[in-house]
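*Asks:* Here's a sequence, model it:
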Amino acid sequence: CLGNGEVHSTEREKIHAEARSYQAYHLAELSKWRASYDPLVASIDFNSPIGHDEDDLARAVYMRLHLIHSTIVLETVFATDEAIYDEYTVEFSEMITHAMDLKGLTANKSLTTNWTFDLGGVFPLYFIAIKCRVRSIRSQALEALKQGPRREGIWDNFLVRTMAAWVQSIEEHFIEGETV
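*Replies:* Next up is the predicted model:
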C-alpha cells in the first residue's frame with residue numbers, strides 16, 4: 001500500500017485474481033448443487049398421498065428462486081455496466097414465476113406470518129425490480145412486493161418496494177420502448 005492509501009497495481013491484480021478465484025469456486029459449487037437439485041425435484045411426486053405436500057413444494061420453489069438469484073449475483077459481481085443484466089431476462093422471468101407460485105402456495109397457510117428470520121421472496125423481487133431492464137418484468141416484481149405486509153430478516157417489502165419504485169421512476173426517463 002502506498003502512503004496515500006493507493007494500492008500497487010500488482011497488489012490490486014493479486015486481490016482481483018483472488019476474488020475471481022472465489023467467484024469461480026462458488027459458481028462451481030452452485031452448479032454442483034443445481035446438478036443434484038434438478039433431478040431430485042423432478043423425481044418427487046408432489047401429488048403423492050405420502051411424504052410430500054405443498055410445504056415441501058414451497059421449500060423446493062424457495063430453493064430454486066434463491067439458486068437463480070445467487071447465480072446471477074455471482075456471475076455479475078464484477079460487472080461495471082448495468083446492461084449485463086439484459087442477458088438474464090429469462091432468469092428474471094423465471095424468478096417472477098417462482099415468486100408468484102410461492103404466493104399461491106403460502107397464501108392461505110396458518111404459518112404465514114408478517115415477519116420471519118428466513119429469506120423468502122422479498123430480496124429476490126427487489127433485485128429484479130432494480131436490476132432487470134425490462135419494464136414489464138420490473139413491474140411484476142413491484143406488484144408482487146405489494147402482496148401483503150411481510151418482513152424477512154432486514155428485508156421489509158414496503159421499504160424495498162418504495163426504493164425500487166423510486167429507482168424505476170428515475171430510470172424511466174431513459175426508456176427506449178420496453179427496455180430501460
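
*Asks:* Now do the contacts for Val73.
*Replies:* When contacts are counted by Cβ atoms under 8 Å, 6 or more residues apart in numbering, Val73 touches Phe127. (C-beta placed from N, C-alpha, C; glycine too.)

*Asks:* what kind of secondary structure is it in?
*Replies:* helix (DSSP: H, G, I helix; E, B strand; the rest coil).

*Asks:* Got the confidence number for it?
*Replies:* Looking at Val73, its pLDDT is 96.

*Asks:* can you check Gly121 too?
*Replies:* Looking at Gly121, its pLDDT reads 82.

*Asks:* again with the one 10 residues further on
*Replies:* At Lys131, the model reports a pLDDT of 94.

*Asks:* How much space separates it from Thr89?
*Replies:* Distance, Lys131 to Thr89, by Cβ to Cβ, to the nearest Å: 11 Å.

*Asks:* Give me the more crowded residue out of these two.
*Replies:* Set Lys131 next to Thr89 and count neighbours by other Cβ atoms under 10 Å: Lys131 wins out with 19 against 14.

*Asks:* Would you agree that one is in contact with Ile84?
*Replies:* No: using Cβ atoms under 8 Å as the test, Lys131 is too far from Ile84 to be in contact (9.2 Å).

*Asks:* So which elements touch the biggest helix by length in the chain?
*Replies:* Counting residues, the longest helix found in the chain (DSSP state H) is helix 9-43. On a contact count with 3 or more Cβ pairs under 8 Å, 6 or more residues apart in numbering; DSSP states H and E, helix 9-43 meets helix 54-76.

*Asks:* starting at the chain centroid, how far to the helix it packs on?
*Replies:* The chain centre lies 8 Å from the centre of helix 54-76; the measure is Cα atoms, centre = their mean, to the nearest Å.

*Asks:* Over to stretch 159-167?
*Replies:* On Cα atoms, centre = their mean, the centre of stretch 159-167 falls 16 Å from the chain's centre.

*Asks:* Buried residues, it. List them.
*Replies:* For stretch 159-167, the neighbour count (16 or more other Cβ atoms under 10 Å) marks 160-161, 164-165, 167 as buried.
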